[in-house]
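J.: Next comes the sequence, and after it the predicted model I'd like to discuss.
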Amino acid sequence: MERKTLLVVEDNDRIRNALLNILRIIFKEYQIDEATNGIGAMRAIEEAENIYSLIITDIKMPFMDGYELVLKLRAIDEYQEVSIIGYSSRLDINYKEKGFNYYIYKIAENIRQLINIIENVLNVDE
């Protein structure tokens, strides 16, 4: 049985490491990979043995931002239906039109909301 995998894309080391630590505690059965920008995410996707079950990405990042990453991902047949969560400190009410399934503000108070969305996407309680 293949192990399900998640990808976290975040350029800020402190935020990425905090998010990874939380996710690795809650979702122990998942492999959780990381990238620091969209270019790194595309490299991880190309090198991955399996299709990622879920991708969580920051929006504002150097080299390739979250919007460009989502456009590139949605152009790959295997990633057209994969859930992608945008995670940013900027409001974007048109996130679905840009290819995201969910969009969350990057503030500490929303971490529980992020976990709830991840659990819903991954059907953890089933």
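T.: Looks like it arrived, so ask away. Fair warning: this is a prediction, and the values are worked out from it, not measured in the lab.
J.: Could you pull up the residues touching the closest residue to residue 12 other than its chain neighbours?
T.: Leaving aside its sequence neighbours, residue 12 sits nearest to residue 58 (C-beta to C-beta, 6 or more residues apart in numbering; 7.4 Å). The C-beta positions use only the backbone N, C-alpha and C, and glycine is treated the same way. The contact partners of residue 58, by C-beta atoms under 8 Å, 6 or more residues apart in numbering, come to 9, 10, 11, 12, 15, 66, 87, 88, 106.
J.: Against residue 31, how distant is the fourth one?
T.: The one in question is residue 12. 22 Å (C-beta to C-beta, to the nearest Å).
J.: neighbour count winner among these two?
T.: A direct count of neighbours by other C-beta atoms under 10 Å for residue 12 and residue 31 places residue 31 higher, at 17 against 14.
J.: name the element residue 70 belongs to?
T.: helix 66-74 (DSSP states H and E).
J.: Given whichever helix or strand comes after that helix, what are its sheet partners and their directions?
T.: Downstream of helix 66-74, the next assigned helix or strand under DSSP H and E is strand 83-88. Partner strands and pairing direction for strand 83-88 (DSSP bridges) are strand 54-58 (parallel), strand 102-105 (parallel).
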